[in-house]
Every structure is written in structure tokens, then in C-alpha cells.
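# Return atomic coordinates for the entry below.
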Amino acid sequence: EGFMRHFILAGMLALACLLPALADDTCKPLQMVTSVPLEMDGGEPVAPITVNGQPSKAIISTGAGITGFSSKGADKLGLHPIQAAAIRMLSGSGKASHSYLGIDDFALGTIHVKQGQFMLLPDEVDPSGEISGLIGGDLLSKYDVEMDFAGGKLNFFLQDHCPGKVIYWQHQAVAMVPFAEHAATPNNSRTGFIGYVYRAAEMWVLGT
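Alright, predicted model coming up:
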């Protein structure tokens, strides 16, 4: 009986030693989805987008919870606001918008959103309309996103990779700050175009 107990214990320890190796074999590597040029415009990171086949630009805003387009940007792209949004968007200046835009094909590199609903922003982001809108946390939260300012690239990766295996470049951390994702309850009650992501996903930095 004592021999059997030691044999079973040894077998369990051997299995425990094998589990990490098995996990590493099945763990997926970091996989890039798309990479697009990233440039600074007036202190804002800007990337190229395509709306119904038309090229434009959008600000990459980690502080914005919802992706949207300004009225001048929408007008330049031939988009017509629909004043029937189930939510109301408020800006920092106190302006409100309850209109949305139905877009057949929104593209950011190889990422495509088909028949998506995008909010009409309360404020203009660019008086000229060259920068048509903001890319917010609702879209960014679906991927691991890297802003490579030195290389001028905005990179998107799939999230189903090995835990902790994200940073692929040589690095030395200056500081590490914890953060959490906050997402409101999705609302797909609007008719016409379908919702594509969780609304108002935001990144909350956790203080100590």
C-alpha cells in the first residue's frame, strides 16, 4: 500500500511537470491581423481608413468609448445621418448627438466592418473634413493594438495568443501601470444596420 501511494504520487508529479509543456504546445503564437501607417497630426495619432471605398483618415483615440464621424467628415464621404439612435452621445464641450451613420463597408487595413452603425460625433475633429472621425475603444478593444510611433505603424493582433506573450521587441520597462476594460451593455435595438461591437468600451487606469 505504501509503495502504491508513492507510485501514484510520483505519477501525479510527473503529470504536473508535463502540463506546462503541453500547454505551450497548444498555445497560439502572436498573430498580426493588419498594420497601417500611423502619423501625428496636430498632436493626435492618425491612421488611414476607407469608408464605402473612399479613403479618409481617423484619429486613434484611446479616450473615446465609441467610434464615430464628424458632420463635416460624414458630408465629405457622402454619408447621411439618421436621427434615430437609441443612445445619446455627449462631448466634453457639452454638445449632444443622437444621430448615427449606416456604413456598408468600413475598413482599417484588412479589418472590415460590414453594415455597421457609427455615431455622428457632437464636435468636429477637423474643420477641413480631411480627418473624418475617431476610432474609439469599441473597435480597438477587439484586438491587441500597438502604436509604434518610432516606426510609424499601427499594428493589430489577435487576442487568442499565449498569456503574457505580447511584447515581441527588445524592451526595458520604465514603469508598469495596471488597467481594466470597462464596457457598457451592448444595445442592438436599432433597425437597419446591425451593431458590430460593444458600445462605449473604455480603458480605465487603476491607481493605487
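# Need the mean per-residue confidence for stretch 31-51.
Averaged across stretch 31-51, pLDDT comes to 95.
# From the opening residue of it to its closing one, how far?
With CA to CA, to the nearest Å applied, stretch 31-51 spans 25 Å between its terminal residues.
# So which bits of that stretch are buried?
Within stretch 31-51, the residues scored as buried using 16 or more other CB atoms under 10 Å are 33, 35-36, 38, 45-49, 51. C-betas here are computed from N, CA, C, even on glycine.
# Could you dump those into TSV and include secondary structure?
Conversion of the buried residues of stretch 31-51 to TSV gives the following (DSSP: H, G, I helix; E, B strand; the rest coil):
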residue	secondary structure
Val33	strand
Ser35	strand
Val36	strand
Leu38	coil
Pro45	strand
Val46	strand
Ala47	strand
Pro48	strand
Ile49	strand
Val51	strand
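# Which of the residues you listed sits closest to Ile111?
Comparing those against Ile111 with CB to CB places Val33 closest, at 6.4 Å.
# just checking, that closest one touches Phe157?
Yes: in this structure, Val33 is within contact of Phe157 by CB atoms under 8 Å, at 6.3 Å.
# After the helix or strand where Asp138 lies, which helix or strand is next? Please name it.
If you go by DSSP states H and E, Asp138 is part of helix 137-140. With elements assigned by DSSP H and E, the helix or strand that comes after helix 137-140 is strand 144-148.
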